[in-house]
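Q: sequence below, structure please.
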Amino acid sequence: MMATQGFQVYVSGGFVSLDDWRQAMTASEQKLPKLSENQREAARFVGMAESEYARGVLADDLGRSRQQEKGKRLGQAIGELLARLGQAWRLESITRVGVEFKWVARLEGKGSGLELEVPLDLADDIIDSGDRGARSRLEEILRTRLKSVPRRAAS
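A: Predicted structure coming up:
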């Protein structure tokens, strides 16, 4: 979890990339995380060297950190859209749901809550390339979702 500009970023599963693994596998011994007793026990249980297990922990940490940064950037884009649309909604949290290949933004406004699902590929286009077409698609998804809220909750 990462707190950023008034919203939280959560990452749930499916976040380690091939680059994360490569970086962890080539990291020096000094850069490997110190394992907890439970992690050392898990390494022994599966018959794995502690250093090898630590590389897996490092890959997980790298992937989670990368995804948290992506969530921060996507959340900022959503916040900018809300401000531009003049909506009385604010971003509370954004969650990377890895197994479902999406981000879920939780918005709050005037006593009502709303979830906005952003497909992973669209989020990546916004985050990685700043594609204007992708931002327009996100804006359309946001407008459509906000229109579905009963009028009294959105006013």
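
Q: show me the helices in this protein, by range?
A: 18-26, 37-45, 50-85, 120-124, 132-147, 151-154 (DSSP state H).

Q: mind putting these into TSV with distance to E100 and mean neighbour count?
A: (C-beta placed from N, C-alpha, C; glycine too.) Shown next, in TSV, are the helices of the chain (distance: least, Cβ to Cβ, whole Å; neighbours: other Cβ atoms under 10 Å):
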stretch	distance to E100	mean neighbour count
helix 18-26	20	14
helix 37-45	27	12
helix 50-85	14	18
helix 120-124	9	17
helix 132-147	16	14
helix 151-154	26	11
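
Q: against G56, how distant is the residue of the chain most remote from its centre?
A: For the chain, the residue at maximal distance from the C-alpha centroid (Cα atoms, centre = their mean) is G47, at 32.3 Å. According to Cβ to Cβ, to the nearest Å, G47 stands 14 Å off from G56.

Q: cool, E50 as well?
A: Going from E50 to G56 by Cβ to Cβ gives 11 Å.

Q: try D131
A: Where G56 is concerned, D131 sits at a distance of 33 Å (Cβ to Cβ).

Q: how about W21?
A: When distance is defined by Cβ to Cβ, W21 is 9 Å away from G56.

Q: pull the number of nearby residues for the residue nearest to L82 when sequence neighbours are not counted.
A: The shortest distance from L82 to any non-neighbouring residue, by Cβ to Cβ, 6 or more residues apart in numbering, is to W89 (5.5 Å). Residues within reach of W89, counting by other Cβ atoms under 10 Å, total 24.

Q: please report phi then psi for W89.
A: Here is the backbone geometry of W89 (degrees, to the nearest 10): phi -120, psi 150.
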